[in-house]
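Sequence first, predicted coordinates after that:
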Amino acid sequence: MAGRRKRICLSYIIKEANVFERHRSGVNTLAFSETEDMLFSGGRDGIVRAWDITAPQDEPRLLRAFEEHVDWVNDVVVSHRHNVLLSGSSDGAIKIWDLALQSPSASAGSLHKHEDYVRALAYSHRADVLVSGGLDQKIVEWDISNLRERRTVTPIVLPEHKESVYALAINEAGDLVAVGSSDKVIRLWDLRSKGPCRVLKGHVDNVRCVALRGDSLRCLSGSSDGTLRMWDIGQQRCVATYSMHTDSVWSLHVNAAFDTAYTGGRDRNLFMTDLRASPDSEPHVLLATEDAPILKVVVSADESNVWVAKQTSSISNWAFSKASAMQAIAETAAAVGADDDSSQDLKPLLSAPTRTIQGEASIVKAQSLNDRIHVLTKDSNGNVDLWNILSCRKVESYGQVDFGEKFTARNVEVSVPQWCTLETKLGSLCVVLQESNCFAAWAYASVVGGSPNNKTNIGGLVVQALLRPFQERHMFTQPVEEPNGARDENAMEEDRVADMHAIAVRDGLSHNYFAFAPDLPVLVWDRTVFQSRYRLEGCGRHRAFDELMALFGKTSWVMGCLLDRALPFGETYKLPQRIVFNLLPDPNTPADQRMQSIESSHLQCQTILPLTKIAEHICQCLHITTKEDPESKVREMSEQIEVLCNGKVLPSTMDLATAKTYFWKSSEEMTLHYRRRVRTTQISV
């Protein structure tokens, strides 16, 4: 839309050392390689992984991790003809991964046509046709027959579909597609005429999984209504209903003969069903019960192994004998025929998985402490950890403790503006910077290990550190100055603010405080445009500047920082706020011991000013010290003065903003008092 204001964001994901080795959140999808020696998994951490599953008794070994999606991976399919893996994601993109490469690499390309989450993919090996569907109500046909030659694919959007797509299946000939949607029906699309040819009605809730028989005469579907239904496509009617699940059916796998189905869902049960038998005979067996709702089921071609993806980060492998499972089904059918109620007492055929691909706990909750540098998180196992989002490391682990109690105990009384927001959707801690508040947090450089006499901007240092790998030179040369060169006579600190980047290098970067790791995932996107997230680093660092320029424009604050090598001064990037207050002798001190009043007791200072500067100012005004005195004497004399607010002695390291927020607690003009130090215990902060 013309005139639309862009809302550009910059973010980075804090990763632990083993972030690539294991999934960190639920695993949405699974797929085999052609020879079934590899298993591909796509997770809610946005990463696709390839596992070596050739050794039947060993834990599968990670071969590769494909990291370029910026949201959940919802489905994957393998094209054996082209030796590529295709993955669909909630970021709206379909990525193409070249399996011929033996090391981690960037994707070979992306398919873009969806305007919302891509929920399902279906691929016909014979016809070399890919179909995708998503929450944007689009069904897109992709002819990928020339994928190897030019890596570009022309999409065809099928018309008239008006519901979100949750499930897809395509026949062997590649000319018929079954679509499961949120309107409780299954629509069959003829890819030759590009129109719907059949509608199958009968489910009473969302259709979550579908399968087509090779000859296109039968369709099998699973639904959130808890049923599995077999359809006669020619007659457009349901010919069998299987009701063994007690909750939503989310995943369905049918063998090549289309006579055996394997299903899983919200009830955590993994069933095998004989599709040749009448539903009245209860032709199913409970293979296993998982520890979490089942999201995806895939079965080996010889039907001896089932791999299960769940809402947890682990993947289970169940080895079984189909003959034994069929025998159990026969016994159940016999019991049903004899009206034996024992058939209702379902017990899993298998007690424990044969192998497990272990995952890591995902971060599910994050809250910033008042210093805006430390963040407390809680993971899916209930463990609470403390992070430093500037050094990108875990500071301390507390185990399974109460999050609220630990947050209260660990928090400090300090007032720092919010300069970032936190996200945990991918199971890791993601720090998001926006133009509206990124540069709001000013502080003295001592808070990041720098000089206590220099001012710095926390968000500014982070932006510079994130973008440094993409700049030809590493130094900004524009100093930060007061607007219009104005000077405030009431200010007690020097008005000069040194060059921001020079401070960062000299006082912050010398100890690697902002030396982010080279593989730190850095994302940039426009909040008003879906599918606009781009990785600037990691596997996506190949992203060309001209593509970013075309998407975001040089006028955006991120591109200005990146290409102009300057921070966005002006309305967005303001100097620290100022506070007006009164500074008076303590009225509760006996008159003969009370300190004198300073000449100007009505002052205006920057909110980040520490009380040590207030004490130094008092010493100078009362001629206890002079500007010519050595710093050691100024410090010694100022330490003899303490500052009070509402009768409470304030720590000398506290700044004015914190004093007003936690001790003055009023919108009225603050009043501070001073006196000679009394040898009593100060309040703790």
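That came through fine. Please read these numbers as outputs of a predicted model, since none were measured by experiment. Numbering: from 1, shown residues only.

From now on I want contacts and neighbour counts done on CA atoms only, so please keep to that.
Will do.

Closest to the centroid, which residue in the protein?
The residue lying closest to the centre of the chain (CA atoms, centre = their mean) is residue 426, at 3.1 Å.

Kindly confirm whether my reading is correct that that one touches residue 26.
No - in this structure residue 426 lies outside contact range of residue 26 using CA atoms under 8 Å: 9.4 Å.

between those two, what contacts are shared?
Counting by CA atoms under 8 Å, 6 or more residues apart in numbering, the shared contacts of residue 426 and residue 26 are 44, 45.

picking up where we left off before, what's the closest non-adjacent residue to the residue nearest to the centre of the chain?
Nearest residue to residue 426 in three dimensions, chain neighbours excluded: residue 45, at 4.2 Å (CA to CA, 6 or more residues apart in numbering).

And for that neighbour, the neighbour number?
In terms of burial, residue 45 registers 28 neighbours under the definition other CA atoms under 10 Å.

Quickly note the distance from it to residue 433.
Computed as CA to CA, to the nearest Å, the residue 45 to residue 433 distance reads 20 Å.

Return the distance of the longest helix anywhere in the chain from the chain's centre.
In the chain, assigned by DSSP state H, the helix with the most residues is helix 322-337. Distance of helix 322-337 from the chain centroid (CA atoms, centre = their mean, to the nearest Å) equals 46 Å.

ditto for stretch 129-149
Distance of stretch 129-149 from its chain centroid, counting by CA atoms, centre = their mean, is 26 Å.

Please apply the same query to stretch 120-134.
When distances are taken as CA atoms, centre = their mean, stretch 120-134 is centred 28 Å away from the chain's centroid.

Use 781 as the first number for this chain going forward.
Got it, first residue is 781 now, which makes that one stretch 900-914.

and it, which residues are buried?
For stretch 900-914, the buried set under the neighbour-count rule, 16 or more other CA atoms under 10 Å, comprises 900-905, 908-914.

same thing with stretch 815-832?
Along stretch 815-832, the positions that meet the burial threshold by neighbour count (16+ other CA under 10 Å) are 818-832.

what mean pLDDT does it have?
For stretch 815-832, mean pLDDT is 94.

returning to what we had before: other SSEs contacting the next helix or strand after the longest helix of the chain?
Beyond helix 1102-1117 in the direction of the C-terminus, DSSP states H and E gives the next helix or strand as strand 1135-1137. Helices and strands touching strand 1135-1137, as assessed by 3 or more CA pairs under 8 Å, 6 or more residues apart in numbering; DSSP states H and E, comprise strand 1095-1099.

Partner strands of the strand it packs on and their direction?
In the sheet, strand 1095-1099 lines up against strand 1085-1090 (antiparallel), strand 1135-1137 (antiparallel) (DSSP bridges).

and the gap between residue 1049 and residue 911?
From residue 1049 over to residue 911 the distance is 29 Å, taken as CA to CA.

quick one: terminal-to-terminal distance for stretch 1089-1103?
End-to-end distance for stretch 1089-1103: 24 Å, by CA to CA.

Over to stretch 915-924?
With CA to CA applied, stretch 915-924 spans 23 Å between its terminal residues.

Give me the mean pLDDT for it.
pLDDT averaged over stretch 915-924 equals 89, rounded to a whole number.

ok, back up a step: who touches the residue nearest to residue 1206 in this structure?
Taking CA under 8 Å, 6+ apart, one finds 803, 804, 805, 806, 851, 852, 853, 1205, 1206, 1207, 1208 in contact with residue 825.

Can you lay out those residues as JSON lines showing pLDDT, secondary structure and distance to residue 864?
Output for the contacts of residue 825, formatted as JSON lines (pLDDT from 0 to 100; DSSP: H, G, I helix; E, B strand; the rest coil; distance: CA to CA, whole Å):
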{"residue": "803", "pLDDT": "93", "secondary structure": "coil", "distance to residue 864": "21"}
{"residue": "804", "pLDDT": "90", "secondary structure": "coil", "distance to residue 864": "24"}
{"residue": "805", "pLDDT": "90", "secondary structure": "coil", "distance to residue 864": "25"}
{"residue": "806", "pLDDT": "94", "secondary structure": "coil", "distance to residue 864": "24"}
{"residue": "851", "pLDDT": "91", "secondary structure": "coil", "distance to residue 864": "21"}
{"residue": "852", "pLDDT": "95", "secondary structure": "coil", "distance to residue 864": "20"}
{"residue": "853", "pLDDT": "96", "secondary structure": "strand", "distance to residue 864": "16"}
{"residue": "1205", "pLDDT": "92", "secondary structure": "coil", "distance to residue 864": "28"}
{"residue": "1206", "pLDDT": "92", "secondary structure": "coil", "distance to residue 864": "25"}
{"residue": "1207", "pLDDT": "92", "secondary structure": "coil", "distance to residue 864": "27"}
{"residue": "1208", "pLDDT": "92", "secondary structure": "coil", "distance to residue 864": "28"}
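
ok, residue 1045 - contacts?
Residue 1045 makes contact with 1025, 1027, 1028, 1029, 1030, 1031, 1073, 1074, 1075 under the criterion CA under 8 Å, 6+ apart.

host element of residue 1399?
If you go by DSSP H and E, residue 1399 is part of helix 1391-1401.

which residues are contacting the helix or strand that that helix is followed by?
Scanning forward in sequence from helix 1391-1401, with DSSP H and E defining helices and strands, the next element found is helix 1411-1418. Helix 1411-1418 has contacts (CA under 8 Å, 6+ apart) with 1392, 1395, 1396, 1398, 1399, 1404, 1405.

need these in TSV with distance to residue 1456 and pLDDT, can you?
Supplementary listing: the contacts of helix 1411-1418 in TSV, determined by distance: CA to CA, whole Å; pLDDT from 0 to 100:
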residue	distance to residue 1456	pLDDT
1392	14	90
1395	10	92
1396	13	90
1398	11	92
1399	11	91
1404	12	87
1405	15	81
